[in-house]
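> Below are the sequence and a predicted model for it; my questions follow.
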Amino acid sequence: MKKVYYTLTSAVVASLILTAVPVSAVYGASTKNTQPAQAATGASSLKEVDAKIVQKAQEHLKAATGKSYTFSGAKKWSMGNENGWDFSIKGVEHGQVMVTKKGELERIYIDQSWGELKDSYKQQLQAALKSVLQEPEASKIPENVNISVDKSPEYPKGAVDLYTRIDNNIIILREGKVLRTVKMLAKQEIDENALKAASGVFAGLEGVKQGALNEPTQLITENGKTVYNLMFGTDPVFVNVEKGTNKVIKVAAYELQDPVANYKEAYKKMKSYSEPQLLKNAAGQSKELLKVDLTGYKAKLDPKLTAVVHFTKSGSPSLIGTFNSKGQFYELGFK
């Protein structure tokens, strides 16, 4: 059985910095798409874990942080034919090391104070702040930094991500370079035309209520593009609108994602859909959500990511979407 990877949305990343809660808490309390792919099977004592596996996990953590840590507990996780251990870090409120049963790294995240950081990380962050912020923010020192390493397909192998916040700005580095910046905005700071473009987007999507705009809003800059990430409602839905053009470039309604608890049944159903079926399903939604006609497009299932489809047509913009066990696309956007 193929492992399912769920990615952190920018809203979840922002929540991590804004509220300083552990990723596991954000996963459970935010939206359904933020459920971890691996299901924990209950608390276990460190005594149950092979000492060599514990040592390997500690070595992974030291390589990422430059500091030696011990663990305060462990939980078994399993998904399909894969399983391993999820360690909590002693003395660290928000931290996790997840490894396979052989001790291979799956995921690390840990909060460190500025004083605990490697000097190389400090230098990277200080250079980044000066490049993306104005004074006086550019010279400020972050109180805390989140260090993250993830082996999901979306992440380059072994890449270290650093997340930090200065006032209303979130800065994310990957391997020492600015990957993304997020500025938190009040409603009055948002372009009215962007709000108009996002209003009523989900009106035609069954089972979804868009609701009122939540504040603050994120203004995200990545790869030379700046977009408003607008979040609506109590079961939040997301609309990304490109700044300047006011074009809706991505939508997501994660409440429609299948819960991990029903993974086995959902997985079988999702695997049953053919590419032509999925293209037909997406065609109606793309017109409603992105104003894109998929006539003449081809659909191709992603070979690594479960329930992810790529839509392509020569001379036309490519799209990518993620669907649930009903064949309904809950995430759809331009590549």
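Yep, that arrived.
> Hmm, Val208 is touching Val237, no?
Yes. Applying C-beta atoms under 8 Å, one finds Val208 in contact with Val237, separated by 6.0 Å. The C-beta positions use only the backbone N, C-alpha and C, and glycine is treated the same way.
> the more surrounded of those two?
Neighbours per residue (other C-beta atoms under 10 Å) separate Val208 from Val237, with Val237 holding more: 25 against 20.
> hey, where'd the strands end up in the stretch 101-250 of the chain?
All strands of the stretch 101-250 of the chain, identified by DSSP state E, counting those that start in this stretch, fall at 105-113, 144-150, 161-166, 169-174, 177-185, 217-222, 225-232, 237-242, 248-252.
> May I have whichever helix or strand comes after the last one exported as CSV, CA atoms only?
Think strand 248-252. Downstream of strand 248-252, the next assigned helix or strand under DSSP states H and E is helix 263-271. Provided in CSV are the C-alpha atoms of helix 263-271 (Å, rounded to 0.1, in the frame of the first residue of the first chain):
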residue,chain,number,x,y,z
TYR,A,263,-8.0,5.8,5.4
LYS,A,264,-8.2,2.1,4.3
GLU,A,265,-11.7,2.4,2.9
ALA,A,266,-11.0,5.8,1.4
TYR,A,267,-7.8,4.6,-0.2
LYS,A,268,-9.5,1.7,-2.0
LYS,A,269,-12.2,4.0,-3.3
MET,A,270,-9.8,6.7,-4.4
LYS,A,271,-7.7,4.1,-6.3
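> For helix 263-271, what does the pLDDT average out to?
For helix 263-271, mean pLDDT is 91.
> same deal with stretch 249-259?
pLDDT averaged over stretch 249-259 gives 92.
> go on, stretch 59-70?
96.
> Stretch 270-279 spans what distance, first to last residue?
14 Å (C-alpha to C-alpha, to the nearest Å).
> Repeat that for stretch 261-275.
Terminal residues of stretch 261-275 lie 26 Å apart, using C-alpha to C-alpha.
> Equivalent analysis for stretch 169-184, please.
End residues of stretch 169-184 are separated by 6 Å (C-alpha to C-alpha).
> and it, which residues are buried?
Buried residues in stretch 169-184, counted by 16 or more other C-beta atoms under 10 Å: Asn169, Ile170, Ile171, Ile172, Leu173, Val178, Leu179, Arg180, Thr181, Val182, Lys183, Met184.
> what's the burial count for Asp167?
11.
> Now do it against Ile141, distance only.
Computed as C-beta to C-beta, to the nearest Å, the Asp167 to Ile141 distance reads 12 Å.
> so what sits against both of Val208 and Val237?
Phe202, Ala253, Glu255 (C-beta atoms under 8 Å, 6 or more residues apart in numbering).
> what number of residues lie near the last one?
Summarising burial for Glu255: neighbours were counted as other C-beta under 10 Å, giving 17.
> Against Phe202, how distant is it?
Distance from Glu255 to Phe202, by C-beta to C-beta: 11 Å.
> got any residues that touch both of the two?
By C-beta under 8 Å, 6+ apart, the residues touching both Glu255 and Phe202 are Val208, Val237.
> List the residues that contact Ala57.
Phe71, Trp85, Phe87, Val97, Val99, Gly103, Leu105.
> same deal with Gln210?
Residues near Gln210 by C-beta under 8 Å, 6+ apart: Ser199, Gly200, Val201, Phe202, Ala203, Phe232, Gly233, Val237.
> If we use 6 Å, what do you get?
By C-beta atoms under 6 Å, 6 or more residues apart in numbering, the contact set of Gln210 is Phe202, Phe232, Gly233, Val237.
> what's it sitting at in phi/psi?
phi -70, psi -40 (degrees, to the nearest 10).
> just to revisit the earlier point, as JSON lines, the contacts of Gln210 with pLDDT and distance to Val92 would be great.
Output for the contacts of Gln210, formatted as JSON lines (pLDDT from 0 to 100; distance: C-beta to C-beta, whole Å):
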{"residue": "Phe202", "pLDDT": "88", "distance to Val92": "39"}
{"residue": "Phe232", "pLDDT": "94", "distance to Val92": "34"}
{"residue": "Gly233", "pLDDT": "91", "distance to Val92": "34"}
{"residue": "Val237", "pLDDT": "93", "distance to Val92": "33"}
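> The residues you listed, buried ones only, as a PyMOL selection?
Buried subset of the contacts of Gln210, written as a PyMOL selection, criterion 16+ other C-beta under 10 Å:
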select buried, resi 202+232+233+237
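> The contacts of Gln210: which two are farthest apart?
Phe202 and Gly233 (8.9 Å; C-beta to C-beta).
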